[in-house]
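# Give me coordinates for this.
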Amino acid sequence: MAFAQSQEEEKNKRIAAGVSIGVHVLILLFLIYMLAWRAPDPPAPELGIELNFGLDAVGSGDVQTQATPNVSKNTEDSKPAPTQPDPLPEPAPTPTPTPPVKSVEAPKVVTTTADAPVSAKEVEKPQPKKETVKEEVKKPVEQPPKEEVVKKEPEKPKSLYPGKPTNSTGTGKSGTSDNATGNNNGDDANKVGDKGDPRGSLEAKALYGKPGGGAGGSLNMAGWGWGDIPRIKDASSETGKVVIKVVIGSDGGVESATVVEKTVSTQVANIYRDAVYRDATFVRTGENRSGTSGATGFITYIITNK
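Below is the predicted model of the structure:
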């Protein structure tokens, strides 16, 4: 009897210990999930392939710039393409006023009949004739012809600072050379174009696949690459393109950042500009590793559905 009770107690103790351990493990896991673990902010970048930046479906060669696609082999940034000043609006025609026609009044005509002279031998005294007055005949007043009203088209606003025409043969962004900057890359034979993906990078070579989810924009700055890539916290639903001009010092730090092109609102564009100015750094690459000066370049963000 005592032995049977002892076995029952041991069994109950083992069950109680197992239940107690299980409950404590569940409580510990719950506390770790609620208190210790935090989701990364911003989220960790997704894995993917770094695609080549491009806006066309075909292309050949390996000349990669942001110029208009052409067969030139020149990779040096040149002057911008020729521009023409804004045309001045044509002056509106001035209507010629027509002089008014004066109305001429007809003179008043009054006819009276005097009494006939009295003869010596008057048999009957003639009755005096009633005086008749002819009514004044008024000539209708001629109305002056109405002037035709010429509808004046609204004048187009003039530019405060109209640009001067340029005769440069360059196709670049901010260079000084007149030689056209080339741009022709891809794996299609005898085709001219900038093949790639708008979400890609100028330094990447892959043409096919799914791009990675990194937040860095496409950098176009000769002799420099990304150091610290800014993480953009854009909570808007806008899609489009933002191009930022950056000026950096010899140490790779950003000295100025300016939005030069955008298809989104100013608020969204400023989010990207401020992030670049605040967080971005750059490092020298290739033959520029021994350089001592800064540089000017462009960062292009293609904003897609988030």
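# Check for me that residue 13 belongs to a helix.
Yes: when classified by DSSP: H, G, I helix; E, B strand; the rest coil, residue 13 is found to be part of a helix.
# next helix or strand past the helix or strand bottoming out on mean pLDDT in the chain?
Within the chain, no helix or strand scores below strand 184-187, which has a mean of 75 by mean pLDDT, DSSP states H and E. Per DSSP states H and E, strand 184-187 leads on to strand 218-220 as the next helix or strand towards the C-terminus.
# what comes up buried for the least confident helix or strand of the chain?
By 16 or more other C-beta atoms under 10 Å, the buried positions in strand 184-187 come out as 184, 185, 186. Every C-beta, even on glycine, is put in place using the N, C-alpha and C of the backbone.
# helices and strands around that strand, which ones?
strand 60-63 (3 or more C-beta pairs under 8 Å, 6 or more residues apart in numbering; DSSP states H and E).
# Keeping just the C-alphas, turn the strand it packs on into CSV.
What follows is strand 60-63 as a C-alpha-only set of coordinates in CSV (Å, rounded to 0.1, in the frame of the first residue of the first chain):
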residue,chain,number,x,y,z
SER,A,60,25.3,47.3,-77.4
GLY,A,61,28.8,48.0,-76.1
ASP,A,62,29.9,49.0,-72.6
VAL,A,63,29.8,52.9,-72.6
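# what does it rub up against?
72-73, 75, 182-193 (C-beta atoms under 8 Å, 6 or more residues apart in numbering).
# in its sheet, what does it sit against?
Strand pairing for strand 60-63, using DSSP bridges, gives strand 184-187 (antiparallel).
# In contact with residue 256, which residues are there?
246, 247, 277 are the contacts of residue 256 under C-beta under 8 Å, 6+ apart.
# Show me what it bridges to in the sheet.
Assigned bridge partners for residue 256, using DSSP bridges, are residue 247.
# And it, what's its pLDDT?
Looking at residue 256, its pLDDT is 94.
# Low-confidence bits of this protein, can you list those?
1-3, 36-53, 77-79, 81-91, 97, 99-178, 197-216, 305-306 (pLDDT under 70).
# Would you double-check that residue 289 falls in a helix?
Yes: using three-state DSSP, the assignment for residue 289 is a helix.
# what about it, distance to residue 223?
9 Å (C-beta to C-beta, to the nearest Å).
# which of the two has more neighbours?
Remark: of residue 289 and residue 223, residue 223 carries more neighbours, 15 against 9, as counted by other C-beta atoms under 10 Å.
# quick one: contacts for the closest residue to that one other than its chain neighbours?
Using C-beta to C-beta, 6 or more residues apart in numbering and skipping residues adjacent in sequence, the residue nearest residue 223 is residue 288, 3.0 Å away. The contact partners of residue 288, by C-beta under 8 Å, 6+ apart, come to 222, 223, 224.
# In strands, which of these appear?
If you go by DSSP state E, the contacts of residue 288 have residue 224 in strands.
# ok, so of the contacts of residue 288, who is nearest residue 238?
residue 224 (28.8 Å; C-beta to C-beta).
# Quick check: the closest residue in space to the closest one that isn't next to it in sequence vs residue 300, distance?
Leaving aside its chain neighbours, residue 224 sits nearest to residue 282 (4.6 Å; criterion: C-beta to C-beta, 6+ apart). Note on residue 282: its distance to residue 300, by C-beta to C-beta, is 15 Å.
# So which of these two has more stuff around it?
Between residue 282 and residue 300, counted using other C-beta under 10 Å, the more crowded position is residue 282 (24 against 18).
# Parallel or antiparallel, which strands does the helix or strand that that one is a member of pair with?
Assessed by DSSP H and E, residue 282 sits inside strand 282-284. If you go by DSSP bridges, strand 282-284 pairs up with strand 224-226 (antiparallel).
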